[in-house]
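*Asks:* here's my sequence, what's the structure:
(2 chains)
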2 protein chains.
Amino acid sequence: MKTISESRCFGGVQGVYTHPSQACQCDMTFGLFLPAEAEHESVPVLWFLSGLTCTHENAMVKAGAQRWAAQAGIALIFPDTSPRGAGVANDDAYDLGQGAGFYVNATEKPWAPHFRMWDYVADELPRLVFNTFPIAEEVQSITGHSMGGHGALTLAMSFPGRYASVSAFAPIAHPTASDWGRKQFAAYLGSDESTWAGHDSTLLMRRFGFDGPVLIDQGTSDQFLDLLKPEALAEAMAARRQGGTLRMQRGYDHSYFFVSSFIEDHLAFHADALNG
Amino acid sequence: MKTISESRCFGGVQGVYTHPSQACQCDMTFGLFLPAEAEHESVPVLWFLSGLTCTHENAMVKAGAQRWAAQAGIALIFPDTSPRGAGVANDDAYDLGQGAGFYVNATEKPWAPHFRMWDYVADELPRLVFNTFPIAEEVQSITGHSMGGHGALTLAMSFPGRYASVSAFAPIAHPTASDWGRKQFAAYLGSDESTWAGHDSTLLMRRFGFDGPVLIDQGTSDQFLDLLKPEALAEAMAARRQGGTLRMQRGYDHSYFFVSSFIEDHLAFHADALNG
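*Replies:* Residues are numbered from 1 along each chain as shown, chains lettered A, B, ... in the order given. A predicted model of the protein is given here:
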């Protein structure tokens, strides 16, 4: 693992690191914020999964999460959203290939050799950071934005007991019924739609739900509402009697101005679950 | 003036606008945050001038200022750092030409036709925003980062009575004695160093000082400390008996992780002066 940078930030350290990834068969870069408490003890951690076109950097520099993570003594991890590099398959579209991993393990050509973001975020990167940094593996939560909200919700519901809480900002909530999902699942997973169901928050919510608190924020002026389909997840949550909160935030769009406006609430929500 | 985008942000609106500039003889883009109060009254304003290589966007998305501006009911303006475009002179170096206007009016070739950032920030852009938006011209303060800290301090000391308060993050504090300054002033203003003195915060502090509160934050691990020369400004402030606070922040570098760590303090400082 190579240190790209380490900057003091709210009394802790915001680092950026690169490592060779077995899952993705390329070098992968991630951001890690450690609060001051990590100098002398292991700390809880909140994963932040990012959206289409993002790298590890966007949420790290735009979401404003570090202030509240520092206050609560929680680490933050910002993984990249796909494998990258000259030898990695790509597509001209912004929503397929590099920057658009969708947190699945691709089985189809040309994606299968590198696009294993599910394994990377669920397994390889956790092992690396738990072995390297003072982070308490037994105290994790997860959040994300857009495609990353999809990733956070699907991971949380797929590993019961692993995450103390889950939240999302404008998640892609029902990808098997959206152009943000069907196109990518067909490319990465193939035409057998039964393999898609494990990567759809609405379907997972109907079938399994989540064994902890859930918080979802969605802007009412989001330019991608028709692709995100919060109504499907809202219906599934209520039908299942899932404990949780879905807030439709009046006038907010899909940008990081929306995320940063509510990040304080999400950190407080996760801190309750992690430290409570 | 053209609206590029408007996003709800902390209950207010973060906008981005482009307009043809007389001073710079090209289109110029700026960011403006208006708090919710601006829907029914004129609000005070804080200018945020940015550093080398930045556009209007960097501080707008990275500094985290909107939360505290919303809380205090203050508008924020994020101007660009230079004229831009195909017809505008440039240089291969990151610290000269586009992205490096240094908040001066160039008199020398090839810069003179467009590089009039002093007039733009001191005169043209204020007139435009005061005529267009519900901003109270009589209640202004100014801050900035690095080259923008230099701009904020030199403007504040050059227009007594205009700004209620001035602050800076890691300002270029003594450019006439630094490679961040001498190179650019020689290029933009020519070899007669007497024309440079009005653009050096340390020299202005020795001669005039500032008729209001001053707050300066500087990281002790800033990779550019030798170019910034906070010691010169510190000496000048103390020698003049200038009221103000200079904080050397242990371990912080030059990045926006430093700026965002202390932006709350700066907004509180300016809110006291603007609303007090």
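*Asks:* how far away is A:G85 from A:H56?
*Replies:* With distances defined as C-beta to C-beta, to the nearest Å, the gap from A:G85 to A:H56 amounts to 14 Å. All C-beta spots, glycine's among them, are computed from the backbone N, C-alpha and C.
*Asks:* hang on, I meant A:S260
*Replies:* 17 Å.
*Asks:* cool, and A:R250?
*Replies:* The span separating A:R250 from A:H56 equals 31 Å under the rule C-beta to C-beta.
*Asks:* also A:G87?
*Replies:* A:G87 sits 19 Å away from A:H56, going by C-beta to C-beta.
*Asks:* more crowded one of these two?
*Replies:* A:H56 (23 against 10; other C-beta atoms under 10 Å in any protein chain shown).
*Asks:* what's the closest non-adjacent residue to A:V214?
*Replies:* Of all residues not flanking A:V214 in the chain, A:G244 sits nearest, at 3.1 Å (C-beta to C-beta, 6 or more residues apart in numbering or on different chains).
*Asks:* now do the contacts for that neighbour.
*Replies:* A:F210, A:P213, A:V214, A:L215, A:I216, A:M237 (C-beta atoms under 8 Å, 6 or more residues apart in numbering or on different chains).
*Asks:* and A:F30, by the same measure?
*Replies:* A:V16, A:Y17, A:H56, A:I77, A:F78, A:P79, A:D80, A:L125, A:V129.
*Asks:* and A:F210, by the same measure?
*Replies:* With C-beta under 8 Å, 6+ apart, A:F210 has these contacts: A:L153, A:A156, A:M157, A:P160, A:V166, A:Q242, A:G244.
*Asks:* now A:G149
*Replies:* Contacts were defined as C-beta under 8 Å, 6+ apart; by that measure A:G149 touches A:L49, A:G51, A:T143, A:A168, A:F169, A:A170, A:P171, A:I172, A:A173, A:I216.
*Asks:* equivalent analysis for A:R116, please.
*Replies:* Applying C-beta under 8 Å, 6+ apart, the residues near A:R116 are A:A23, A:C24, A:P83, A:N105, A:A106.
*Asks:* what about the last one, distance to chain B?
*Replies:* Going from A:A106 to chain B by C-beta to the nearest C-beta, to the nearest Å gives 32 Å.
*Asks:* also the third one?
*Replies:* With distances defined as C-beta to the nearest C-beta, the gap from A:P83 to chain B amounts to 26 Å.
*Asks:* neighbours of that residue, how many?
*Replies:* Counted with other C-beta under 10 Å, the neighbours of A:P83 add up to 27.
*Asks:* which regions of the stretch 51-200 of chain A sit below the pLDDT cut-off?
*Replies:* The stretch 51-200 of chain A contains no residues with pLDDT under 70.
*Asks:* nearest to chain B: which residue in it?
*Replies:* Closest approach between the stretch 51-200 of chain A and chain B, counting by C-beta to the nearest C-beta: A:G64, at 4.6 Å.
*Asks:* my read: that residue touches B:S260, true?
*Replies:* Yes. Look at A:G64 against B:S260 with C-beta atoms under 8 Å: they come within range, at 7.0 Å.
*Asks:* so what's in contact with these two at the same time?
*Replies:* Listed as contacting both A:G64 and B:S260 by C-beta under 8 Å, 6+ apart are B:G64.
*Asks:* for the contacts of A:F210, which one is nearest B:M1?
*Replies:* Ranked by distance to B:M1 (C-beta to C-beta), these are led by A:L153 at 41.1 Å.
*Asks:* you'd agree A:E231 is in a helix?
*Replies:* Yes. Membership of A:E231 in a helix is supported by DSSP: H, G, I helix; E, B strand; the rest coil.
*Asks:* could you report the distance from it to A:S178?
*Replies:* In this view, A:E231 and A:S178 are 12 Å apart by C-beta to C-beta.
*Asks:* same deal with A:T53?
*Replies:* The gap separating A:T53 from A:S178 is 17 Å, by C-beta to C-beta.
*Asks:* more neighbours: which of these two?
*Replies:* For A:T53 against A:S178, the residue with the higher neighbour count under other C-beta under 10 Å is A:S178, and the figures read 21 against 15.
*Asks:* nearest residue to the more buried one in space, ignoring adjacent ones along the chain?
*Replies:* With C-beta to C-beta, 6+ apart as the criterion, A:S178 has its nearest non-adjacent residue at 5.1 Å, and that residue is A:L227.
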